[in-house]
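In: For reference, the sequence and a predicted model appear below.
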Amino acid sequence: MAVKKENLKIEFTKREAKGTGACRKIRSKNMCPVVLYGPEYKQGFAGIVPMKSIISVANSKNKETTIIDLVLEDGSVVSSLIRDVQRHPITQQLRHVDLYQVLKGHKIKVDIPINVINEDICQGIKDGGMLIFETRFISVEIQPSDIPEQIDCDIKDLEVGSDIYVRDIPIPGESELLTDPEILVLHIALPKVQVEDEEAELGDDTHSTQEVEVISKGKEENEEKASE
């Protein structure tokens, strides 16, 4: 099931000053430097937005699927998606955001996060299995109005050894799947320690069987020599 939410509205102010020093001053005022790209902004449109407004999206796993309605100074609204986030290499504080304009009627490529539900009642996990993710996103080409925040994946009926592939994930409406449908998304597997213990037990059984065979063979040879 695809989960959608309301668009986020953020005020966008045009930015004249550029460069590291200018951006530092902008951030000191609790604002974030951004650049808007897209069909109508091919050269890029530099601006600033409130840090507290953009940071909640930029720090979210749904940052690439949350449509942001930028309210420009003339009152017009431009819908956009986050395309790139730049952070301080040490503090990881938000420094700059690239946004991409989305237009109604024009499909766009997005990576939609997969959200697991019913993990607490999954039979395979109850039986001692572990949920192992191989990929957490699927790529689709989709109309902006159809972009979901995430796609729910119900695992309640999965057992140990069960797999879910991209082909098993329901994608929204008329979107086009771009990810290989044969890619593994997740599976329920036994913990490595448990697997090793089972293999060790199997090895002990084999070793014991071999010892019995050797002892039996030796006994038979001794009996043959005695009879001679």
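Out: Thanks, I have it.
In: Please make it C-alpha for all contacts and neighbour counts, starting now.
Out: OK.
In: Go ahead and flag the most central residue of the chain.
Out: Taking Cα atoms, centre = their mean, the centroid of the chain lies closest to Arg136, which sits 2.8 Å from it.
In: That one and Lys14, how far apart?
Out: Using Cα to Cα, to the nearest Å, we find Arg136 at a distance of 36 Å from Lys14.
In: With Glu134 instead?
Out: Separation of Glu134 from Lys14 (Cα to Cα): 42 Å.
In: and what of Gly105?
Out: Gly105 is 27 Å from Lys14, by Cα to Cα.
In: Which one of the two is surrounded by more residues?
Out: Relative neighbour count places Lys14 above the other of Gly105 and Lys14, with 15 against 10, counting by other Cα atoms under 10 Å.
In: these two touch, right, the more buried one and Leu36?
Out: No. Counting by Cα atoms under 8 Å, Lys14 does not reach Leu36; the two are 10.3 Å apart.
In: joint contacts of these two?
Out: Counting by Cα atoms under 8 Å, 6 or more residues apart in numbering, the contacts common to Lys14 and Leu36 are 45-47.
In: Rebuild these as a markdown table, extending it with distance to Asn7 and pLDDT.
Out: Formatted as a markdown table, the entries for the shared contacts of Lys14 and Leu36 read as follows, by distance: Cα to Cα, whole Å; pLDDT from 0 to 100:
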| residue | distance to Asn7 | pLDDT |
| --- | --- | --- |
| Phe45 | 21 | 96 |
| Ala46 | 21 | 96 |
| Gly47 | 20 | 97 |
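In: the helices in this protein, which residues?
Out: Taking DSSP state H as the criterion, the chain contains helices spanning 20-28, 51-58, 123-126, 192-227.
In: among those, where is the model least confident on average?
Out: When the helices of the chain are compared on mean pLDDT, helix 192-227 scores lowest, with a mean of 53.
In: Give the closest residue to Leu94 in space, chain neighbours not counted.
Out: Spatially, and ignoring its direct neighbours in sequence, Leu94 is nearest to Arg87 (4.6 Å; Cα to Cα, 6 or more residues apart in numbering).
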